[in-house]
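# This is a predicted model, with the sequence first.
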Amino acid sequence: MRRYCFALDLVDDPALIAEYIDYHRQVWPHILEGLKRSGIDAMEIYRVADRLFLIMDVNESFSLERKAEADRADAKVQEWEALMWKYQRAIPGTPPGQKWRLMERVFEL
């Protein structure tokens, strides 16, 4: 099992943050199905203030490149991503066109 961790910021507005959290209490079924189908076995998002951390545990069938390609070709995923961008902002240093920024592990026990 492999783990990927990502960071992203939210727009610093309490009402928008509350909306974002509400959407994630009821993620669209199509989005959930696509995550599972891609090889993601577990996913969690944590928040502190306006910063998000996403943790994904994936199986051997998962590929970041294949997931990105599948997402670009899926109109429903693109609709979800456009909706979420209302609430999200890339952290400093994120390349143009990307949202979530892959984190580097610096310690493990």
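Ah, there it is.

# Checking K99 next. Helix, strand or coil?
Secondary structure state of K99, per DSSP: H, G, I helix; E, B strand; the rest coil, is coil.

# Surely it touches L8?
Yes - here K99 reaches L8: they are 5.8 Å apart, a contact under C-beta atoms under 8 Å. Heads up, the C-betas are built off the backbone N, CA and C, glycines and all.

# Can you pick out the residue with more neighbours from those two?
L8 (21 against 15; other C-beta atoms under 10 Å).

# the helices in the protein, which residues?
In the chain, helices defined by DSSP state H lie at 14-25, 29-37, 64-72, 75-85, listed in chain order.

# Would you reformat those as TSV and include distance to L52 and mean pLDDT?
Formatted as TSV, these follow (distance: least, C-beta to C-beta, whole Å; pLDDT from 0 to 100):
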stretch	distance to L52	mean pLDDT
helix 14-25	9	98
helix 29-37	16	97
helix 64-72	18	95
helix 75-85	11	97
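
# Which one of these lies nearest to R2?
Proximity to R2 (C-beta to C-beta) singles out helix 64-72 among the helices of the chain, at 10.2 Å.

# What pLDDT is listed against M103?
Looking at M103, its pLDDT stands at 96.

# Nearest spatial neighbour of it, chain-adjacent residues omitted?
Nearest residue to M103, sequence neighbours excluded (C-beta to C-beta, 6 or more residues apart in numbering): C5, at 4.3 Å.

# OK, contacts around the one you found?
53-56, 102-103, 105 (C-beta atoms under 8 Å, 6 or more residues apart in numbering).

# Please name whichever of the helices of the chain is nearest to R47.
Nearest to R47, of the helices of the chain and by C-beta to C-beta, is helix 14-25 at 7.7 Å.

# Pull the number of nearby residues for E108.
4.

# returning to that earlier point: any chance of a markdown table for the helices of the chain, columns mean neighbour count and distance to V48?
What follows is the helices of the chain, written out as a markdown table (neighbours: other C-beta atoms under 10 Å; distance: least, C-beta to C-beta, whole Å):
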| stretch | mean neighbour count | distance to V48 |
| --- | --- | --- |
| helix 14-25 | 12 | 11 |
| helix 29-37 | 14 | 23 |
| helix 64-72 | 13 | 25 |
| helix 75-85 | 13 | 19 |
